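[1] Show me the folded form of this:
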Amino acid sequence: MTAESRAVAASEAHGASHGTAVAGHAASRGISNPVLGMLLFITSEVMFFSGLFAAYFATRAANQPWPPAEFQGLLDPLSLILVATIILVASSFTCQFAVWSIRRGDRTGFIRNITVTFVLGVIFLGLQAVDYSILFSEGLTMGSGAFGTTYFTLTGFHGAHVFGGVLMLGVILYRGMLGQFSSRHHDAVEAVSLYWHFVDVVWIVLFSVLYLL
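    From the prediction side, this is the model:
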């Protein structure tokens, strides 16, 4: 091989090496597949809940007074549901604390905060079940006209999403206890935290629409 050929080969090798390094660096700065998948899923869920809210407001506009006279004052924002709301909002903070902990490599803090988040999610579901039983005793059911149907449809679908989030948190907690997450490998934690924040925001909107407006 001539000196010129060797120079060309070295230049090409350097370029390939540099290109690989740049590509690897760019990939490390990109969005991970779990997080990207969760963002796309949340986008579809935003459209789903937007449709439910649109149906709710259309139904509300076509049925006046709202709520019907027999259910006036039944949805009290200062009742048990306010406690459930505070608990769910608090769980969003503990979930974020868990994310910050694992980013620092603090596994103990991560497990502690994700455990609290899991427990608060279960408590929220329990309080929602109690609230449902109170409403049932007052005569409000899915069959109570448009008001009952829209209320239980909106809160029921949200409750199902919270239940799904609790299951995700349980899996994350189990994997965390097995030591599967670290400061460099915690994409699943980030993805689940995004979902949990989403259900929290949806509930704040639901609470405002159903109990305050």
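
[2] Show me which positions of the helix or strand hosting F48 end up buried.
    Applying DSSP states H and E as the criterion places F48 in helix 33-62. Across helix 33-62, burial judged by 16 or more other C-beta atoms under 10 Å covers P34, V35, M38, I42, E45, F49, L52, F53, Y56, T59, R60. Where C-beta positions appear, they are placed from N, C-alpha and C, glycine not excepted.

[3] Nearest to I87 among the residues you listed?
    Nearest to I87 out of those is F49 (C-beta to C-beta; 20.7 Å).

[4] Can you name the residues that contact Y211?
    By C-beta atoms under 8 Å, 6 or more residues apart in numbering, Y211 lies in contact with L75, D76, P77, I81.

[5] now for the helix holding F48, which elements pack on it?
    helix 145-177, helix 187-207 (3 or more C-beta pairs under 8 Å, 6 or more residues apart in numbering; DSSP states H and E).

[6] Next, find the distance separating the closest residue to L140 other than its chain neighbours from S79.
    Distance criterion C-beta to C-beta, 6 or more residues apart in numbering; nearest residue to L140, sequence neighbours excluded, is G148 at 5.4 Å. G148 is 17 Å from S79, where distance means C-beta to C-beta, to the nearest Å.

[7] same check, this time on R60
    21 Å.

[8] Outline the domain layout of the chain.
    With domains defined by automatic domain parsing, the chain comprises 1-30, 31-212.

[9] Out of those domains, which one sits most buried?
    Mean neighbour counts were compared across these using mean count of other C-beta atoms under 10 Å; the top stretch is domain 31-212, at a mean of 16.

[10] what about that domain, start to end distance?
    Using C-alpha to C-alpha, to the nearest Å, one end of domain 31-212 lies 38 Å from the other.

[11] Quick one: mean pLDDT for that domain?
    The average pLDDT for domain 31-212 rounds to 95.

[12] Please state the offset of that domain from the chain centre?
    Averaging C-alpha positions (C-alpha atoms, centre = their mean, to the nearest Å) puts domain 31-212 7 Å from its chain's average.

[13] who does the helix or strand where L125 lies touch, helix- and strand-wise?
    Here L125 sits within helix 107-137, counting by DSSP H and E. Where contact means 3+ C-beta pairs under 8 Å, 6+ apart, helix 107-137 is packed against helix 80-103, helix 145-177, helix 187-207.

[14] Run through the residues that contact G105.
    G105 neighbours (C-beta under 8 Å, 6+ apart): S182, S183.

[15] three-state assignment of it?
    Under DSSP: H, G, I helix; E, B strand; the rest coil, G105 falls in the coil class.

[16] which phi and psi does it have?
    phi 90, psi 10 (degrees, to the nearest 10).
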